[in-house]
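Sequence and computational prediction follow.
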Amino acid sequence: MTATKGRPAVWQAKKTLRRRVWEKRTAYVMIAPFTLIFLTFTLVPVVIAMFFSFTYYNILQPPQWVGWVNYVKLFFNDEIFLTAVKNTLIFAAVTGPVSYGLCFIVAWFVNELTPRVRALMTLLFYAPSLSGTVSIWMIVFSGDSYGYVNAIGMQLGLINTPKQWFSDPALMKTAIIVVVLWSSLGVGFLSFIAGLQNVDRSLYEAAAIDGIKNRYQELWYVTLPSMKGQLLFSAIMSITSSFSIGDIVTQLCGFPSASYAAHTIMNHLSDYGSIRYEMGYACAIATVLFLMMVGTNALVQKLLSKVGG
């Protein structure tokens, strides 16, 4: 009897849903290409990689199901992977938040300038993400006395002999962090500039009437809540870039880096995926990295939800 009474409600809900879809059919048609591309090149590859992570697959032979063997090997038998996890977390913990904060602070100050000066400064701060960083920083951190850092340090008496920034395990991380921070003032910076430009100015007048007394209160209660979309986008980009550091390490420190001092998860993934062709093991590495990014993203979203509170 209850099931019979419930059927009309279900049918009515389905009818309402179909009507709403039909009313907004244009929007669904417009978003369909993006949805198809996202599913094809993002979601489906992630699912396939997760499946292969439970197999032994070397491209030449069909995949063989091995269960959790790859993950057990990763966390209990692969010391280099554990080193890569530690290095990746260090890079992410430093470059992610620092880059995010620098992008916003610089964007905040640049936004206060006149339009012409703002356009020029925006170009100057965005340029590093467009230029080739390797050749520049190979000169800056050159291991001889002609490298700018070594030359300045020796002239100031800070060091006695040239430092091998890209081959000394004790100095590698510092040099890589500097390069990554310099090159990260790009998309996130532009996102913040766009968000600051689109804040409704009337909100500041209303906030002043409500008792907002200084610029910092304006920032917390008006500016940041008005640009949560840009904050989230920049956070996602910062998380992705900080966890995927790999190419810069290879180009500056070689592969592998001395004593694996700057070895990251991306380097480990490239090793097994592009050199050894142990695709099942490489997919397990990629899955772990993906879950680390998802977990960090969830934490950041939770923190951003408290902005303006």
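Great, that's in hand.

distance of the residue nearest the centre of the chain from Phe52?
Closest to where the C-alpha atoms of the chain average out (CA atoms, centre = their mean) is Thr240, at 2.0 Å. For Thr240, the distance to Phe52 equals 22 Å [CB to CB, to the nearest Å]. In short, each C-beta sits where N, CA and C put it, glycine included.

before we move on, what about Val66?
From Val66 to Phe52 the distance is 11 Å (CB to CB).

tell me, what's touching these two both at once?
Gly280 (CB atoms under 8 Å, 6 or more residues apart in numbering).

what about those two, which has more around it?
Phe52 (20 against 17; other CB atoms under 10 Å).

If we ignore the residues flanking it in sequence, what's nearest the more buried one?
Cys283 (4.1 Å; CB to CB, 6 or more residues apart in numbering).

tell me which element that neighbour is part of?
Element membership for Cys283, per DSSP states H and E: helix 279-304.

give me every residue that touches the residue nearest to Phe52.
Counted by CB under 8 Å, 6+ apart, Cys283 has contacts Ala49, Met50, Phe51, Phe52, Ser53, Tyr57, Asn70.

and the nearest residue to the second one once chain neighbours are set aside, what does it touch?
Leaving out its chain neighbours, the residue that sits closest to Met50 by CB to CB, 6+ apart is Thr287, at 5.4 Å. Shown in contact with Thr287 (CB under 8 Å, 6+ apart): Ala49, Met50, Ser53.

Write the PyMOL selection for whichever of those are buried.
Per 16 or more other CB atoms under 10 Å, the buried members of the contacts of Thr287 correspond to this PyMOL selection:
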select buried, resi 49+53
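
Let me know the closest of the contacts of Thr287 to Leu303.
Leu303 has its nearest neighbour among the contacts of Thr287 in Met50, at 27.3 Å by CB to CB.

Quick one: low-confidence residue ranges for the stretch 101-250 of the chain.
Low-confidence segments of the stretch 101-250 of the chain (pLDDT under 70): 128-129, 131-133.

what ranges do the helices span in the stretch 1-150 of the chain?
Under the criterion DSSP state H, counting those that start in this stretch, helices of the stretch 1-150 of the chain are mapped to 2-23, 25-38, 44-52, 69-76, 79-111, 115-126, 133-140, 148-155.

Buried residues of stretch 243-258, list them for me.
Neighbour counts over stretch 243-258 (16+ other CB under 10 Å) mark Phe243, Ser244, Ile245, Gly246, Ile248, Val249, Thr250, Gln251, Leu252, Cys253, Pro256, Ser257 as buried.

wait, what's in contact with the fourth one?
With contacts taken as CB under 8 Å, 6+ apart, Gly246 has the following neighbours: Thr264, Ile265, Met266, Asn267, Leu269, Ser270.

now do 7 Å
Residues near Gly246 by CB atoms under 7 Å, 6 or more residues apart in numbering: Thr264, Met266, Asn267, Ser270.

Can you point out the helix or strand that includes the residue nearest to the centre of the chain?
helix 228-243.
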